[in-house]
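Visitor: give me coordinates for this.
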Amino acid sequence: MGQSISNGNSAVSLTQIADKAMAEQSNILDIIKTKLVQAATDTTSDDGRTAIGKDVTKLLDQLDNIAKQTNYNGTTLLQGATSASAAAQLTFQMGEKAADTIATTAGVRANVSGLVLSDVKSSAGAGFSSALGARNLLDDIDTAINTLNGWRADFGSTQNQLESAIRNQMTQQT
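Guide: Sure thing, here's the model as predicted:
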């Protein structure tokens with residue numbers, strides 16, 4: 001029972017790491033959306049859109065870095081072993097029987113490719129051709145934010161489930 005509680009505490013740490021990393025990615029996406037709104041108006045010059053594009057490109061690179069670097073004991077949490085693969089489901093042993101497990105959701109790929117932001121990145125790299133071009137990318141950012149928030153909710157609900165199981169096991173252990 002004590003080992004199961006220890007497993008649960010480690011799993012809570014893992015979910016917290018993933019959530020904090022995705023929180024920073026969410027901040028990045030919010031900044032990118034603000035910059036796209038700025039680029040999407042005709043009061044922004046072409047040179048201004050080019051500068052905004054450089055900034056958005058760097059932000060998307062950092063989003064990828066976070067996905068690649070976020071890990072727990074060497075297990076990447078926000079993408080698979082490569083940026084093209086999704087993170088696998090992680091299963092935590094939370095009891096004395098083989099069936100006593102709690103698992104994360106599989107399929108998290110919190111990078112430019114997984115959040116379907118390749119068009120945003122290529123347009124940003126070209127300096128956004130026009131206000132209309134930037135405006136047309138706003139839906140892509142909204143979809144990415146919603147997808148990321150869904151993954152965060154999955155990790156959050158797994159964390160809640162783990163914490164409940166730990167409290168229950170601590171009572172049983174007593």
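
Visitor: which stretches in the chain count as strands?
Guide: Chain-ordered strands for the chain, with DSSP state E as the definition, fall at 71-72, 75-76, 91-93, 101-103.

Visitor: would you turn these into JSON lines with distance to Phe155, mean neighbour count and mean pLDDT?
Guide: (Each C-beta comes from the backbone N, C-alpha and C, glycine too.) Shown next, in JSON lines, are the strands of the chain (distance: least, Cβ to Cβ, whole Å; neighbours: other Cβ atoms under 10 Å; pLDDT from 0 to 100):
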{"stretch": "strand 71-72", "distance to Phe155": "12", "mean neighbour count": "15", "mean pLDDT": "96"}
{"stretch": "strand 75-76", "distance to Phe155": "14", "mean neighbour count": "16", "mean pLDDT": "93"}
{"stretch": "strand 91-93", "distance to Phe155": "12", "mean neighbour count": "16", "mean pLDDT": "96"}
{"stretch": "strand 101-103", "distance to Phe155": "12", "mean neighbour count": "15", "mean pLDDT": "96"}
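
Visitor: want to throw those strands into a markdown table with distance to Asp19?
Guide: Formatted as a markdown table, those follow (distance: least, Cβ to Cβ, whole Å):
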| stretch | distance to Asp19 |
| --- | --- |
| strand 71-72 | 12 |
| strand 75-76 | 15 |
| strand 91-93 | 16 |
| strand 101-103 | 16 |
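
Visitor: so for Ala18, which of the ones you listed sits nearest?
Guide: With Cβ to Cβ, the closest approach to Ala18 among the strands of the chain belongs to strand 71-72: 7.9 Å.

Visitor: where do the helices of this structure begin and end?
Guide: 2-39, 46-69, 118-125, 131-135, 138-173 (DSSP state H).

Visitor: which residues does Ser129 contact?
Guide: Each residue near Ser129 by Cβ atoms under 8 Å, 6 or more residues apart in numbering is listed here: Ser123.

Visitor: ok, back up a step: ok, which of the strands of the chain comes nearest Asp139?
Guide: strand 75-76 (28.6 Å).

Visitor: partner strands of that closest one and their direction?
Guide: Each strand paired with strand 75-76, and its direction, by DSSP bridges: strand 71-72 (antiparallel).

Visitor: who's in contact with the partner strand?
Guide: 13-14, 17-18, 77.

Visitor: hmm, back to that, possible to save the helices of the chain as JSON lines with distance to Glu96, mean neighbour count and mean pLDDT?
Guide: Listed next are those as JSON lines, based on distance: least, Cβ to Cβ, whole Å; neighbours: other Cβ under 10 Å; pLDDT from 0 to 100:
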{"stretch": "helix 2-39", "distance to Glu96": "7", "mean neighbour count": "18", "mean pLDDT": "97"}
{"stretch": "helix 46-69", "distance to Glu96": "35", "mean neighbour count": "17", "mean pLDDT": "97"}
{"stretch": "helix 118-125", "distance to Glu96": "47", "mean neighbour count": "18", "mean pLDDT": "96"}
{"stretch": "helix 131-135", "distance to Glu96": "57", "mean neighbour count": "17", "mean pLDDT": "95"}
{"stretch": "helix 138-173", "distance to Glu96": "10", "mean neighbour count": "16", "mean pLDDT": "96"}
